[in-house]
Each structure stands twice: as C-alpha cells, then as structure tokens.
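Q: Provided below are the primary sequence and the corresponding predicted coordinates.
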Amino acid sequence: MNQHHTAQYNHESPAAQAAYLRAQLLSEEALFANWAWPDHISPQHAPLELVDVRHYVSRLHVLDAPRWSLPQQRFNVRLEVAVRLGRAARRLPTGYSLGFWEGYRSLGVQRGLWETGLGLLREHYPQHGESDLETLLDTFIARPDANAPHTLGRAIDIALTDARGVVLESASDLGLLRDALESAGLTNYEPEWWHWSYEEAQLEFLQ
C-alpha cells in the first residue's frame with residue numbers, strides 16, 4: 001500500500017476496505033512463498049462429513065483459487081451448505097451461474113492467512129498497537145481457531161457469473177446473487193459480498 005492507498009483505506013467503508021485487503025492478499029505472492037502448506041489439520045479440529053460442492057451444484061463455475069487455498073480442500077463444505085448452494089443455483093435465471101472460489105480452509109491455512117494479513121497491516125500502520133491491528137483485521141479475516149467459519153466448512157466465497165464464467169459485480173448482479181442465496185437459507189457477511197455461510201451449522205457439527 002502506498003501512502004495514497006493507506007489514506008484511502010482508512011476512510012472508505014468496511015465493504016471497500018474488505019475488497020481492498022482481499023485484493024492485496026491476492027496480489028502479494030511473495031508473502032506466501034515461505035508458508036508451510038499443510039494438507040491436513042489435527043483430528044480434534046477437523047470438521048466432520050464435508051462434501052465436494054461440485055457434486056451438488058449445477059452450473060457451477062470454478063474460479064481461480066486464492067493463493068492460500070489447498071487445491072482440493074477448497075471444494076469441501078458442510079452438506080447443508082452444498083444443498084443450499086444447489087437450491088440457489090437453480091433459482092438463477094438462464095445465462096447466470098454461481099462461481100466458486102473457496103469453502104473449507106484448514107486451521108493451518110487460516111492461521112497463515114491471519115498472520116499474513118496482520119503483517120500487511122503492521123507494515124502500513126506502524127503507529128497502531130498490536131491490539132488495534134488485530135481488531136481491524138478481525139473485521140475481515142476470522143481469527144485462526146476451530147470456530148472460524150471456513151475452518152468449519154460452513155462458509156463459502158462465491159460470486160455470480162455469466163455463461164462464460166466471468167464474475168459479475170454490478171449492483172443489480174449482486175442483488176440477483178443475494179436474492180438467490182438468501183432464498184436458499186444462506187447468510188451474507190455484509191462487508192464482504194462474496195462471503196456467505198450457513199449459520200446453524202456451527203454448533204451442530206463441532207466435535
């Protein structure tokens with residue numbers, strides 16, 4: 001972030017801040033170079049009975065994986081989430097589809113993403129204390145514990161796409177996406193238009 005972007009980040013809405021931080025994380029290839037990429041997490045933190053979302057959703061466009069995603073695990077979600085995404089996809093008008101970025105993240109990946117985001121904020125807000133930085137980051141990235149929505153497999157990052165798989169982000173397109181997902185029982189995290197979850201799944205499937 002240069003000085004202009006830092007000032008802009010301070011004053012924009014939470015939704016704009018979330019989008020900007022996500023763009024920074026997606027573009028910061030060097031920050032992920034030294035990650036130890038885990039392919040599993042300890043059994044006591046592993047969510048149960050995850051399913052591959054691709055088996056439940058018709059007209060699903062697989063979007064480019066975020067840099068931090070594990071190639072196969074990102075398609076895993078709670079059954080309740082997969083079923084509701086399938087319902088949402090069927091409600092879309094002809095010519096539209098759901099685009100899928102990410103579902104499940106291991107606890108190790110969530111921890112690495114948190115530390116990477118915290119490093120970005122620490123670098124560009126040296127005047128802020130660690131507690132303030134964590135409070136800001138917690139608005140956009142869940143703290144790395146077993147209750148993080150992506151770590152439970154109950155959250156997905158999703159978009160509306162056209163027939164070619166191009167992500168659509170106009171106000172009317174986001175309204176169409178919201179109508180379909182809400183009608184299927186999914187809930188949006190307001191600062192992040194792409195982040196949806198099935199809230200009731202949290203306690204039901206914790207070990």
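A: Good, I have the coordinates.
Q: is Ser197 in contact with Asp157, as I believe?
A: No. Using CB atoms under 8 Å, Ser197 is not in contact with Asp157; the gap is 10.2 Å. (Glycine included, C-beta is placed from N, CA and C.)
Q: how about the longest helix belonging to the chain: buried residues?
A: Longest helix of the chain, by residue count under DSSP state H: helix 107-124. For helix 107-124, the buried set under the neighbour-count rule, 16 or more other CB atoms under 10 Å, comprises 107-118, 120-121, 124.
Q: identify, from those residues, the entry nearest to Glu134.
A: Leu118 (6.8 Å; CB to CB).
Q: what's the closest non-adjacent residue to that closest one?
A: Once flanking residues are discounted, Leu118 sits nearest to Leu137: 5.6 Å by CB to CB, 6 or more residues apart in numbering.
Q: burial count for that neighbour?
A: 20 (other CB atoms under 10 Å).
Q: on the three-state scheme, the residue minimising distance to the centre of the chain is what?
A: The residue lying closest to the centre of the chain (CA atoms, centre = their mean) is Asp157, at 4.0 Å. Here Asp157 is strand, with the state taken from DSSP: H, G, I helix; E, B strand; the rest coil.
Q: list the contacts for it?
A: Applying CB atoms under 8 Å, 6 or more residues apart in numbering to Asp157 gives the contacts Pro66, Phe100, Trp101, Glu102, Gly103, Trp194, His195, Trp196.
Q: break down this protein into its strands, ranges please.
A: Per DSSP state E, the chain carries strands over the ranges 51-52, 60-62, 76-77, 96-102, 155-162, 167-168, 187-189, 192-197.
Q: and those strands as a markdown table, adding distance to Arg90?
A: Listed next are the strands of the chain as a markdown table, based on distance: least, CB to CB, whole Å:
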| stretch | distance to Arg90 |
| --- | --- |
| strand 51-52 | 18 |
| strand 60-62 | 12 |
| strand 76-77 | 17 |
| strand 96-102 | 10 |
| strand 155-162 | 14 |
| strand 167-168 | 18 |
| strand 187-189 | 19 |
| strand 192-197 | 16 |
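Q: quick check: which of the ones you listed is buried the most?
A: Mean neighbour count (mean count of other CB atoms under 10 Å) peaks for strand 76-77 among the strands of the chain, with a mean of 26.
Q: what are the pairing partners of that one, and which direction each?
A: strand 51-52 (antiparallel) (DSSP bridges).
Q: which residues are in contact with the partner strand?
A: Phe75, Asn76, Val77, Arg78, Leu79, Ala82.
Q: between the buried residues of helix 107-124, which sits nearest His55?
A: Nearest to His55 among the buried residues of helix 107-124 is Val109, at 22.5 Å by CB to CB.
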